[in-house]
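**Student:** any chance you could fold what I've pasted below:
(chains A and B)
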Amino acid sequence: MTGSRESWDVRFYRRLAGAVPELRPCLDDVVETYEDVRSEALRTRGQLGLALAFLRVLGPLLVAVLLTEERRIPGVRATAASIAQAWWRDARGALRSLRREPRFGFAVVLLVATSIGITTTIFSVVDAVLLRPLPYPEADRLVLFTEPTHSGRLVERWKSSLSRFDDLTAVWEGDAMDLVEGGRPQRVEVARVEPSFFSFFGIRPLHGRLFGIGDLEPGTRTVVLTHGFWAERFGADPDIVGKTVRLDGDPWDVVGVLEPRARLPEIVVGQRVDLLRPLDPSHPWLAQWEFSLLQVVGRLRDGATLEGAQAEVDAVAALLAKEVQQMRESDGSPSRTPLAGLQEATVESVREGLGLLLAAVGFMLAIACANIANLVLARGTEREHELALRRALGASRFGLLRQLLVESVTLSLLGGVIGVGLARLGLLAFDVVRPEDLPRFGEVSIDPRVVVFALGAAVVSGLAFGLVPAFGAAGAEARALVVGRSRVGTGRRGARTRSALVVVEVALALVLLCGAGILGHSLLGLARQDPGFETERLVRLRLWLGELLEPGQDSGRMELVEEVMRSVSSVPGVESVGAAWNLPFDITGNSRCCWARRFDATSGDQVRVMLSPVTPGYFGALGIPLLAGRTLELADETLEPPPIVLSRRSAAVLFPGVEDGELFSLVGRNLGSAGDPAEYRVIGVVDDVLDFGLDQRPEPILYLSYSRLGEGLGRLSVGVRLREPLSADMSEALRAAVWSVDPEMPLGEVLPVDDMIWSSLRTRRFYSTLFGTFAALALALAALGIASSLLYVVGRRRRELGLRMALGARGGDVVRLVVRQALGWTALGALLGLCGGIALTRALGALVHGLGSVDPQSLVVASVLLVTVALAATVVPALAAARTDPARTLRSS
Amino acid sequence: MAPPLDDLPLRPRDYLILLALSGEELHGYGMIREIRDISEGRVEVDPANLYRSLRRMTRDGWVEDAGRRPSPEGPERRFYRLSSAGRDVARQEAQRLHRLDAVARTRKLVPGSEGAP
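**Tutor:** Next comes the predicted model:
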């Protein structure tokens, strides 16, 4: 309801409506409806939604108000044409002033263009990624079955028993095949999809056809190419359809190519897909409960709610838990599958980060506006004489207001248009620094909607920096004429407005500085974190052995692996070699793929532990410290029960209560589950490794000989410790060593592990860099604001300063006067900014790592930096003040 | 009373407002939500433009002020209803669109019509 707790935006619109009695009843209704709409926007989309709802109403409402005001001007009855003419006259006047006072005009246009350009760049990303619905039919009814993957059996059960869904479609992502076409093998990313996938997401072919039931026949090998891969690898050859390509040694028929605008749902198929192949439901791995391989998206039936669907999925889970052991958690409760809207799930990871960037550029825009307002204010004081004269000659107060507003909006629109152009460049730059896993980036563009935003932002900025001075100027009645020019604008009110603007600039800049400081501080802390192994001169070589096989199927792969290891270790300059299915930092972030199993812990609980198959040299080559017992050896590959090495964390969850000093007591203990309590035997314990990223906690890991799972594994990550830092020659030598064993083996690039760790921080670096850049720009703008305002004050007070000096004040005293003024602004701004900075720390919670709720160090550093820059900004004005010539001042008065 | 023919075709927003009001009496927010529903989320009218249309259509006698009363959200709001003239205009626009639709069907542009792909 209305009342004293009404928020700023509603109050603003109420006042605006109150200004125009003629429109009152209608505008009151508009404001009431706006209240309803804003509360919905706030509820469903948060502050950003509120801001958009506010802006949507602002434009049309202002136009209505201005038009009505125009009509009220006495004299000729205003028509739309005559009003437009008057506005055009004022706009032309503004453009003419560009020529008359180029420095002022260009400063305004430049400031607006830069800040609108940056704001628009970030907005275009936020708009495409966060705000727009996914480009699929009935996208709001698409639901992701989270907890990343599900077994084929479970998906079957869902399909047959869920009634609140129209349709479910499953995807097997993250698969890759070797494409051998003319020489070197190439690794291509493949997603296996059901035939229903395409109609589900409204995806059509450009050439050929998509999958049908016939493609699921055993022995059928068909693929569909994505448009990008088709263009890149096959030079957009339209005759590709019907040809065959060799994948993993077999011929596959290309049956179709996707249309260029087809957007595959990244969250289920992965960021990059080259080929799609049919998901064969009879694949032996899909018939088992324990292999979770499929990503599942469902479309809710018309009228069904997410809550209702969740209840149904939970009911299925409860039933299954009774029948199937694998569908029970360790405490016997059903394994739950939370549902999430596909859109929310897709953008969840970036929502906060992008929102904060948008807020940061918004702050920058506000600082730029405050800066321009100060310029306009200074100039407005010069023009007050002209305005007062017009007022005395009968111009209405509104007429003057309109003239000033049209002028500032014209300049700002000019800046906005240039800003749109800058935003195109900004997007190119953004593409270079953006995190690779930023979802939906392919949909980002400077389209009409973004242009409307940019121009809207320009108009709002123009009104903002026009309004503050305009109210002051139009308020200066004809009094100015009487008093005479020299005293105009030295009024308290002008000075207060100017000071307030500078204080606001300083405060906003400090908030951004604090944010940048916090992000940077946390990034430094992360980079210093010990990953748990030695990274120096350690490089990674990745091999692909072929398709995943069923465990137990013999393929001769173990012999191949052994030969590769021998060949690589014999390269001169190699110190040691060890391999695993995944090396640390092969997979980072929140995904937890890989083998995992449940074991009985001594506490009686079942605990989930990840299995990491490694070769004998693994621990030595990576330098993972041994805490107790011994590591795996070649002979362990045939021992029964299979020997295993625990990580410190897995020891803690499997054998709770065992202290660090007693880890040796675990050596020789058996490990297993109810069916086979002595499945494995512990031979040693090693320290934890931050496998999945410096910001992730160590997972409980159980290391076992590579050959125990080796036959089935499709890939191998080889860690090679070199004697010298990696060189290009060494890189080639390592690859040649692998190809000497198998010339068709696809190989990844040889990467230093330090680089992998660095790139795992890419997302964080991105936010820190961007925030830092914006903060630096904001600081520069604030410094500019301080300097220009001081210069103005010095100019205004020149007479007083001259008088003081004539009466005996020295240069130093005058400088002190100027610096004191600057410090006053800075201190007040810093105080406000620090409050904002502390509030921001909370908001940054999701992006930072390992910092408390307040980060005093960053706040102190940011404040010191701010004060230093503020002091630096006083140099020029202070010198100007000190150069005041008392004699000249006295003469001129 | 038949409206002059030059009112047709209606502006899309006006037609949507008339459609929204063809059910029950609605207040501003109610119309915005109803229009969102019938356009399957594609059209989001902002309050200022909504009332611009409403003011014009009230002046033309298509829409009538139905007085203030408590809204479903709680606070008191002004409700609007369709006048018989407004209903007439909406009907004529619907017939016009229907004729266009029939043409589209014969040209096989509408899925579900005979011979559709």
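
**Student:** spell out which parts of chain B neighbour chain A.
**Tutor:** B:27-29, B:32, B:41, B:46-52, B:55, B:71, B:73-75, B:77-78 (CB under 8 Å from any CB of the partner chain). C-betas here are computed from N, CA, C, even on glycine.

**Student:** among the residues you listed, which ones are buried?
**Tutor:** B:27-29, B:32, B:46-52, B:55, B:71, B:77-78 (16 or more other CB atoms under 10 Å in any protein chain shown).

**Student:** farthest pair in those?
**Tutor:** Greatest spatial distance among those (CB to CB): B:Arg52 and B:Ser71, at 20.9 Å.

**Student:** tell me which parts of the stretch 51-200 of chain A are close to chain B?
**Tutor:** Residues of the stretch 51-200 of chain A found near chain B (CB under 8 Å from any CB) are A:Arg56, A:Val57, A:Gly59, A:Pro60, A:Leu61, A:Ala64, A:Pro133, A:Asp140.

**Student:** then the lengthiest strand in chain A to PDB, C-alphas only?
**Tutor:** The single longest strand within chain A, with elements called by DSSP state E, is strand A:165-180. Extracted as PDB, the C-alpha positions of strand A:165-180 are listed here (Å, rounded to 0.1, in the frame of the first residue of the first chain):
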ATOM      1  CA  PHE A 165       5.900 -33.500 -18.700                       C
ATOM      2  CA  ASP A 166       5.000 -33.400 -22.400                       C
ATOM      3  CA  ASP A 167       8.400 -34.800 -23.400                       C
ATOM      4  CA  LEU A 168      11.800 -35.600 -22.100                       C
ATOM      5  CA  THR A 169      15.000 -35.800 -24.100                       C
ATOM      6  CA  ALA A 170      18.300 -37.200 -23.100                       C
ATOM      7  CA  VAL A 171      21.800 -36.200 -24.200                       C
ATOM      8  CA  TRP A 172      25.100 -38.000 -23.700                       C
ATOM      9  CA  GLU A 173      27.600 -35.100 -23.800                       C
ATOM     10  CA  GLY A 174      31.300 -34.800 -23.400                       C
ATOM     11  CA  ASP A 175      32.200 -37.500 -25.800                       C
ATOM     12  CA  ALA A 176      34.900 -37.100 -28.400                       C
ATOM     13  CA  MET A 177      36.000 -39.000 -31.500                       C
ATOM     14  CA  ASP A 178      39.000 -39.000 -33.800                       C
ATOM     15  CA  LEU A 179      38.300 -37.600 -37.200                       C
ATOM     16  CA  VAL A 180      40.900 -38.800 -39.700                       C
END
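
**Student:** which residues are contacting the host helix or strand of A:Val561?
**Tutor:** Counting by DSSP states H and E, the element that carries A:Val561 is helix A:557-569. By CB atoms under 8 Å, 6 or more residues apart in numbering or on different chains, the residues outside helix A:557-569 that reach it are A:541, A:543, A:545-546, A:549, A:574, A:576-577, A:579, A:615, A:617, A:706-707, A:710-711, A:713, A:716, A:718, A:720, A:734, A:737-738, A:740-742, A:745.

**Student:** give the buried residues for the helix ranked longest in chain B.
**Tutor:** When chain B is parsed with DSSP state H, its longest helix is helix B:84-106. Under the neighbour-count criterion of 16+ other CB under 10 Å, helix B:84-106 has B:Ala85, B:Gly86, B:Asp88, B:Val89, B:Ala90, B:Gln92, B:Glu93 buried.

**Student:** in TSV, list these along with pLDDT and distance to A:Pro641.
**Tutor:** Converted to TSV, the buried residues of helix B:84-106 look like this (pLDDT from 0 to 100; distance: CB to CB, whole Å):
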residue	pLDDT	distance to A:Pro641
B:Ala85	90	89
B:Gly86	91	84
B:Asp88	90	87
B:Val89	90	84
B:Ala90	91	80
B:Gln92	91	85
B:Glu93	91	80
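
**Student:** can you give me the strands for chain B?
**Tutor:** B:26-27, B:63-70, B:76-82.

**Student:** want to throw these into CSV with distance to A:Gly249 and mean pLDDT?
**Tutor:** Below are the strands of chain B laid out as CSV (distance: least, CB to CB, whole Å; pLDDT from 0 to 100):
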stretch, distance to A:Gly249, mean pLDDT
strand B:26-27, 66, 92
strand B:63-70, 72, 90
strand B:76-82, 70, 91
